[in-house]
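Trainee: Sequence and predicted structure, then a few things I'm wondering about:
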Amino acid sequence: MDLIVLATRNEGKARELKTLLHGLSAQVETLEDHPEIVLPPETGATYGENAIAKARAVFDALGVPALGDDSGLEVDALQGAPGLHSARYAGPRATDRENIEHLLLSLEGIPPERRTARFRCVMALILGAEDVLVVEGVCEGRILGNPRGMGGFGYDPIFLPDGEALTLAQLTDERKNQISHRGRAAAMLRERNWGG
């Protein structure tokens, strides 16, 4: 492919996706390159619906391959919350720090062994009007009591992946991309040869 446009304005997500998609397209752009495009609100009932809606908005506007993704943190002790509402758990314009503080407050008194959680990511790649590829990646782990690490974004500082001694915010970019929900979804896209 000559070009893929990522349906995101999230700098952290865009940076990760550009790395994960390296070599699959000659050029990767984001909505920073296309400020005129307005994404639909995330009102879907599933991550997949949101991912497809974002990618469709970009594809319809530009007529080029578009990738949308939606992801969330699912905490078992909170019946899967924040889930679809992860980005706005503490409010519509909440910062990463505010979301983390709100989540830790919600988990107050919950012992470490009951703080199991997972990050889930669904990616939708639209190559043509009827050519849509949807994949999902999951990273299992647990929620720590305090943030650790300065890397990553979102809930990364409090998420300890299974089998790791470091949070997603402490891991090297290379290691994070190997095991993260977004990394696993991107790997599935590679395996599917981008629909071809």
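Mentor: That came through fine.
Trainee: tell me the secondary structure for the spatially most central residue of the chain?
Mentor: If you average the C-alpha coordinates of the chain and look for the closest C-alpha using CA atoms, centre = their mean, you land on Ser71, 4.0 Å from that point. Ser71 falls in the strand class when you classify it by DSSP: H, G, I helix; E, B strand; the rest coil.
Trainee: pLDDT weak spots in this protein?
Mentor: Counting by pLDDT under 70, the chain contains low-confidence ranges at 193-196.
Trainee: helices and strands around the longest helix along it, which ones?
Mentor: Among all segments of the chain classified by DSSP state H, the helix with the greatest residue count is helix 47-62. Applying 3 or more CB pairs under 8 Å, 6 or more residues apart in numbering; DSSP states H and E, one finds that helix 47-62 contacts strand 66-75, strand 116-128, strand 131-143. From N, CA and C alone the C-beta is placed, and that goes for glycine too.
Trainee: and with 6 Å instead?
Mentor: Using 3 or more CB pairs under 6 Å, 6 or more residues apart in numbering; DSSP states H and E, the elements in contact with helix 47-62 are strand 66-75, strand 116-128.
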